[in-house]
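Chemist: Sequence and predicted structure, then a few things I'm wondering about:
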Amino acid sequence: MLISADEIAARVRVLGEEITRHYAGRVPVFLGVMNGALFFMTDLVRSVHLDTEISCVRLASYAGAVSTGRVSGLDGLQDAVRGREVLIIDDIFDTGRTLSTLAARLRELGAADIKICVLLEKKRERAASVRPDWVGFPIEDAFVVGYGLDYNGRYRSLPGIEVLSEPDKIAPAAAKSQTMALDPAS
Ligand code: IMP
Ligand code: MG
């Protein structure tokens with residue numbers, strides 16, 4: 001267990017207060033990146049005491065535990081974001097490719113302002129053109145699951161964040177234990 005459900009809840013409340021102060025008096029569009037941001041977004045939105053609009057986009061850049069850098073699923077966003085202040089909400093900032101691509105597309109679609117809030121940011125080298133404006137927790141460069149983060153669709157519903165080791169060796173039955181060995185190097 002890297003971050004417990006209680007620690008997440010406390011941090012989300014603080015992020016909510018900061019974001020409330022930042023957008024005070026305005027109506028931002030919260031754009032959640034599905035599916036990973038599902039739990040974080042719903043908790044965060046309820047910690048922000050503002051009238052917000054909510055939209056979702058579906059992107060995927062991971063195949064298993066390896067980032068592929070491919071993004072898709074940006075169609076139909078134009079009306080939601082044109083001329084608006086957009087806050088992208090995602091589970092984790094890893095290589096940053098997904099959110100750099102998304103931010104560039106939102107700019108093309110005419111978003112007036114783009115900010116990024118992620119629950120987790122991995123400490124690693126990256127060449128991304130954007131940085132998150134709000135980060136819940138910086139973490140080491142390991143593959144993590146839980147609270148929306150998945151490994152090939154699994155483990156999303158774990159209440160806290162856990163490190164998934166040797167992802168390729170984990171049999172389906174391992175999901176039952178909800179405890180996985182710790183070695184992100186593989
Ligand atoms: P990036 O484009 O490399 O920054 O990848 C971002 C996306 O990859 C995130 O929105 C996650 O969905 C996924 N991702 C990155 N790292 C992890 C991880 O450790 N566990 C689960 N998903 C991850
Ligand atoms: Mg994602």
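Modeler: All right, it came through fine. Ligands and ions are numbered 1, 2, ... in the order given.
Chemist: Can you pull the residues of this structure lying near ligand 1?
Modeler: The chain comes close to ligand 1 at residues 33, 36, 61-62, 67, 90-98, 143-145, 149-150, as judged by C-beta under 6 Å from any ligand atom. The way it works is simple: take the backbone N, C-alpha and C, and place the C-beta from them, glycine included.
Chemist: Now the buried members of the residues you listed.
Modeler: 33, 36, 61-62, 90-98, 143-145, 149-150 (16 or more other C-beta atoms under 10 Å).
Chemist: Report the separation between the closest residue to Val145 other than its chain neighbours and Ala80.
Modeler: Excluding its sequence neighbours, the residue lying closest to Val145 (C-beta to C-beta, 6 or more residues apart in numbering) is Tyr155, at 3.8 Å. Distance, Tyr155 to Ala80, by C-beta to C-beta, to the nearest Å: 30 Å.
Chemist: before we move on, what about Gly96?
Modeler: 23 Å.
Chemist: Report the buried residues of stretch 2-22.
Modeler: Within stretch 2-22, the residues that count as buried by 16+ other C-beta under 10 Å are Leu2, Ile3, Ile8, Arg11, Val12, Leu15, Gly16, Ile19, His22.
Chemist: in the protein, what spans have low per-residue confidence?
Modeler: 60-73, 167-186 (pLDDT under 70).
Chemist: for it, what's the longest helix?
Modeler: Counting residues, the longest helix found in the chain (DSSP state H) is helix 5-22.
Chemist: quick one: the helix or strand following that helix to chain centroid distance?
Modeler: Following helix 5-22 in sequence order, the next helix or strand is strand 29-34 (DSSP states H and E). Distance, stretch centre to chain centre, for strand 29-34: 9 Å (C-alpha atoms, centre = their mean, to the nearest Å).
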